[in-house]
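Novice: I'll drop the sequence and a predicted model, then ask my questions.
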Amino acid sequence: MPRLPLLEPPKGKDYHHRPVKGGHKAMLLGREKALELLSFALRNCPADAAEAVLLSEESEVTRYARSEIHQNTSERNTTIYIRAEVGRRLGVVTTNRLDERGLKEAAKLAAEVASSSPKVPHFPGFPKRGGRAKRRRSFYPETIAFGPDKRAEAVARIVKILDTGGATGAGAVTKAVIEFAVANTAGLRRYHAVTFASCSVVAERDGAFGRAESSSMNAAALEVEDVARKALATCLKSEDPLDLDPGEYEVILLPGAVAELISTLGWMGLGAKRVEEGESFVLDWRGKRLAPEFVNLVDDVGLRPLPFVPFDFEGVAKRRVHLIEGGVVKGVVYDTLTAAKAGTEPTGHAMPPGSIHGPMPTHLALLPGKERLKSIVERTKFGLLVNYLHYVIPVDYRKTVVTGMTRYGTFLVEGGKVRRAVRNLRFTESIIGALSRVEAVSRE
């Protein structure tokens, strides 16, 4: 496949308020201005070494409930993180003041915080080079042009479809333009801009609910009507639910439910700091078979439809990481500090400076299997089909035990067919225990 160039806004200050098709404007700093701000902060930081990170987001949200728009918001915020190193001591300060005085004060304070902090003996220094970053188109004028009028049109299309089934809708239609830049005194400089849009639909009729959603870096690719139809279909099937006795059931998890469990597993146990602190299941399972060979869990920034940012908050290029491969637990993700402690290389998963959680996977995916969802349902004699999971919270990190509720569509499967809705159920389960008992992963 040909390599796509990174599509970024034109360089220079003239891009501020640059109009796009339809008259909409992108309030972007641009590469030159973003790196200029970071360089100024670094020059004014009286430390042995320093790093500066810029995160700027212009987001707009149109919310609706009972099939009527009730809120339209727009927010722009730019945050600069300054991390100073003084004698292997680290200090972090954040500011959203972009004037010279504000940046000077933040840079000076970061050095002062570092001077009074405990030593970090394994600190390897800030990276000189971040590695070769992946390339992919991530900046779409169609998303910039996805203003209040077009988002209102999207809501109208959603409501029109829900009306055909006598349901009302609630949810949100959003867009965001995000700029991300990293610079340090070792000479590293990175900048990237990305657009992102999403729509969510919760359909309701007579106390029955259904949910569906879509997201993309290109607002024109949002599947607005399909999302509304899926939410409506689930809602109508969810009426007159059966009360089911608590117990153990075979469960078929749809993508929304799988995503909730996998993302929870990610922050509970797939970051290197969790391993350091003795909280990760990887300590017990690294190199061992946990699940069937068709279970493959990766973290890959190239996966769609998540926002594409090719490097982390230290400017290190994001790598594809096989976390569970062929059912065998392979490892975790690293930033520069945890990698230095473990004697390995960073994988490009640093969180914002000062984060207490350490590196985290950000683009998790359970890779598709070979079977169709339909065939999995057809061979299920008695079980449950679950659309979404709600309020999943940890009980035991090391054992990955969580508790939560089914939501927005839970159905009884009997004799290979989806028979009827059941009321939402609470569950308490080990995520790795569930993975060990997986019988199939669908193509979907």
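Specialist: Happy to help now that I have it.
Novice: I'd assumed residue 383 was in contact with residue 410.
Specialist: No: with the criterion set as Cβ atoms under 8 Å, residue 410 and residue 383 do not qualify as a contacting pair; they are 11.1 Å apart. (Glycine included, C-beta is placed from N, CA and C.)
Novice: more neighbours, those two?
Specialist: residue 410 (25 against 16; other Cβ atoms under 10 Å).
Novice: which SSE is the more buried one in?
Specialist: Assigned by DSSP states H and E, residue 410 belongs to strand 401-414.
Novice: Can you show me the strands along the stretch 101-250 of the chain?
Specialist: All strands of the stretch 101-250 of the chain, identified by DSSP state E, counting those that start in this stretch, fall at 168-184, 189-205, 208-216, 250-253.
Novice: Give me the helices and strands touching the last one, please.
Specialist: Under the contact definition 3 or more Cβ pairs under 8 Å, 6 or more residues apart in numbering; DSSP states H and E, strand 250-253 sits against helix 373-378, strand 382-396.
Novice: wait, which of those is closest to residue 277?
Specialist: Using Cβ to Cβ as the measure, strand 382-396 is the one of those that comes nearest residue 277, at 13.7 Å.
Novice: Just the C-alphas of that closest one, formatted as PDB.
Specialist: This file holds the C-alpha atoms of strand 382-396, laid out as PDB (Å, rounded to 0.1, in the frame of the first residue of the first chain):
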ATOM      1  CA  PHE A 382     -28.900 -21.400  26.100                       C
ATOM      2  CA  GLY A 383     -27.300 -18.100  26.900                       C
ATOM      3  CA  LEU A 384     -27.300 -14.300  26.800                       C
ATOM      4  CA  LEU A 385     -26.600 -11.800  24.100                       C
ATOM      5  CA  VAL A 386     -25.200  -8.500  25.500                       C
ATOM      6  CA  ASN A 387     -25.100  -5.200  23.700                       C
ATOM      7  CA  TYR A 388     -23.300  -3.000  26.200                       C
ATOM      8  CA  LEU A 389     -21.800  -3.100  29.700                       C
ATOM      9  CA  HIS A 390     -22.300  -0.200  32.100                       C
ATOM     10  CA  TYR A 391     -20.300   1.100  35.100                       C
ATOM     11  CA  VAL A 392     -17.600  -1.500  35.000                       C
ATOM     12  CA  ILE A 393     -15.400  -1.000  38.100                       C
ATOM     13  CA  PRO A 394     -12.500  -3.000  39.500                       C
ATOM     14  CA  VAL A 395     -12.700  -5.300  42.500                       C
ATOM     15  CA  ASP A 396      -9.300  -6.900  42.300                       C
END
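Novice: Report the buried residues of it.
Specialist: Within strand 382-396, the residues that qualify as buried by neighbour count (16 or more other Cβ atoms under 10 Å) are 383-389, 392, 394.
Novice: just to revisit the earlier point, tabulate the helices and strands packed on strand 250-253 (CSV), appending distance to residue 31 and mean pLDDT.
Specialist: Below are those laid out as CSV (distance: least, Cβ to Cβ, whole Å; pLDDT from 0 to 100):
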stretch, distance to residue 31, mean pLDDT
helix 373-378, 44, 96
strand 382-396, 39, 97
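Novice: Please enumerate the helices of the stretch 201-350 of the chain.
Specialist: For the stretch 201-350 of the chain, the helices identified by DSSP state H, counting those that start in this stretch occupy 224-237, 255-269, 272-276, 282-285, 336-342, in order along the chain.
Novice: What are the buried residues along the first one?
Specialist: What that stands for is helix 224-237. When neighbours are counted by 16+ other Cβ under 10 Å, the buried residues of helix 224-237 are found to be 224, 227-232, 234-237.
Novice: Just give me the closest of the buried residues of strand 382-396 to residue 107.
Specialist: Residue 107 has its nearest neighbour among the buried residues of strand 382-396 in residue 394, at 37.3 Å by Cβ to Cβ.
Novice: so what's the closest one up against?
Specialist: Each residue near residue 394 by Cβ atoms under 8 Å, 6 or more residues apart in numbering is listed here: 264, 268, 400-402.
Novice: This protein - how does it break down into domains?
Specialist: Each structural domain of the chain that the record assigns through automatic domain parsing is listed here as a residue range: 13-237, 250-436.
Novice: And for residue 179, the neighbour number?
Specialist: Using other Cβ under 10 Å, residue 179 has 24 neighbouring residues.
Novice: Can you tell me who it pairs with across the strands?
Specialist: With DSSP bridges applied, the residues forming beta bridges to residue 179 are residue 56, residue 193.
Novice: Residue 56 is in contact with that one, correct?
Specialist: Yes: counting by Cβ under 8 Å, residue 179 does reach residue 56; the two are 4.2 Å apart.
Novice: do you know how far the closest residue to residue 102 other than its chain neighbours is from residue 352?
Specialist: Counting by Cβ to Cβ, 6 or more residues apart in numbering, residue 95 is the residue found nearest to residue 102 once chain neighbours are left out, at 5.7 Å. Using Cβ to Cβ, to the nearest Å, we find residue 95 at a distance of 13 Å from residue 352.
Novice: These two: which has the busier surroundings?
Specialist: Just comparing residue 95 and residue 352: by other Cβ under 10 Å the higher neighbour count belongs to residue 95, 19 against 15.
Novice: which residues sit in contact with the nearest residue to residue 314 once chain neighbours are set aside?
Specialist: Using Cβ to Cβ, 6+ apart and skipping residues adjacent in sequence, the residue nearest residue 314 is residue 350, 4.2 Å away. With contact set as Cβ under 8 Å, 6+ apart, residue 350 has these partners: 312-314, 316, 335-336, 359.
Novice: okay if I get these as a markdown table plus neighbour count, pLDDT and distance to residue 375?
Specialist: Output for these, formatted as a markdown table (neighbours: other Cβ atoms under 10 Å; pLDDT from 0 to 100; distance: Cβ to Cβ, whole Å):
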| residue | neighbour count | pLDDT | distance to residue 375 |
| --- | --- | --- | --- |
| 312 | 29 | 98 | 39 |
| 313 | 23 | 98 | 43 |
| 314 | 25 | 98 | 45 |
| 316 | 26 | 98 | 42 |
| 335 | 25 | 98 | 42 |
| 336 | 23 | 98 | 46 |
| 359 | 28 | 98 | 38 |
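Novice: Distance to residue 301 added to those, as CSV?
Specialist: CSV is the format used below for the contacts of residue 350 (distance: Cβ to Cβ, whole Å):
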residue, distance to residue 301
312, 9
313, 13
314, 15
316, 12
335, 15
336, 17
359, 14
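Novice: Return the closest of the residues you listed with respect to residue 296.
Specialist: Using Cβ to Cβ, the shortest approach to residue 296 within these belongs to residue 359, at 20.7 Å.
Novice: if we can go back for a sec, out of the strands of the stretch 101-250 of the chain, which is closest to residue 134?
Specialist: Taking Cβ to Cβ as the criterion, residue 134 comes closest to strand 189-205 out of the strands of the stretch 101-250 of the chain, the separation being 10.9 Å.
Novice: what's the angle between that closest one and strand 401-414?
Specialist: Our comparison of strand 189-205 with strand 401-414, counting by axes from the mean of the first three to the mean of the last three Cα atoms, to 10 degrees, yields an angle of 50 degrees.
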